[in-house]
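*Asks:* Curious how this folds, go ahead:
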Amino acid sequence: MKTTAVHRLRLVSMPEGVSFLLLLVCSVLKRTTSFDAVPVMGMVHGILFILYAIFALLAWREQGWGFKRFAWIMVLSVLPTGGFFAERILGREERETAPAMA
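*Replies:* Numbering: from 1, shown residues only. A predicted model of the protein is given here:
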């Protein structure tokens with residue numbers, strides 16, 4: 001079972017990206033209809049974003065990333081589809097470092 005910081009960050013990046021997109025959809029629906037799920041989706045997205053930031057900090061420390069790499073991972077977290085790109089980047093990194101850990 002993988003328990004590296006990169007693996008945890010990768011696991012939370014996809015749900016964080018999905019929650020961001022759902023929050024944007026809920027924001028539009030709130031202003032165009034009577035549907036208001038923004039408080040719920042805002043809380044879900046907030047929790048996932050905090051987890052993403054914590055796991056990114058842990059991965060930065062564990063992997064010895066430079067600040068530029070860490071900053072790029074954090075920039076991806078605030079872009080609407082950035083979580084999906086972060087997941088792919090982290091998956092690639094995880095596969096490359098997996099043989100070294102075994």
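*Asks:* contacts, neighbours, all on C-alpha from now
*Replies:* OK.
*Asks:* Tell me which residue lies farthest from the centre of the chain.
*Replies:* In the chain, the greatest distance from the average C-alpha position (Cα atoms, centre = their mean) is reached by S34, at 29.6 Å.
*Asks:* Next, that residue: secondary structure please.
*Replies:* Three-state call for S34 (DSSP: H, G, I helix; E, B strand; the rest coil): coil.
*Asks:* Which pLDDT value belongs to it?
*Replies:* S34 is assigned 93 on the pLDDT scale.
*Asks:* do the same with L22
*Replies:* L22 is assigned 96 on the pLDDT scale.
*Asks:* same thing with E94?
*Replies:* On the pLDDT scale, E94 gets 85.
*Asks:* for the one helix or strand it maps to, packing partners?
*Replies:* In the assignment (DSSP states H and E), E94 maps to helix 82-101. In terms of contacts (3 or more Cα pairs under 8 Å, 6 or more residues apart in numbering; DSSP states H and E), helix 82-101 is packed against helix 5-32, helix 67-77.
*Asks:* Turn those into JSON lines, including mean neighbour count and distance to L51.
*Replies:* Below are the helices and strands packed on helix 82-101 laid out as JSON lines (neighbours: other Cα atoms under 10 Å; distance: least, Cα to Cα, whole Å):
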{"stretch": "helix 5-32", "mean neighbour count": "19", "distance to L51": "7"}
{"stretch": "helix 67-77", "mean neighbour count": "16", "distance to L51": "11"}
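*Asks:* Make JSON lines from those and add distance to R95 to it.
*Replies:* Compiled in JSON lines, these are given as follows (distance: least, Cα to Cα, whole Å):
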{"stretch": "helix 5-32", "distance to R95": "10"}
{"stretch": "helix 67-77", "distance to R95": "17"}
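*Asks:* And these: which comes nearest E93?
*Replies:* Each of the helices and strands packed on helix 82-101 has some distance to E93 by Cα to Cα; the shortest is helix 5-32, at 8.2 Å.
*Asks:* by contact count, what packs against the helix or strand just after that closest one?
*Replies:* Downstream of helix 5-32, the next assigned helix or strand under DSSP H and E is helix 38-63. Applying 3+ Cα pairs under 8 Å, 6+ apart, we find helix 38-63 packed against helix 5-32, helix 67-77.
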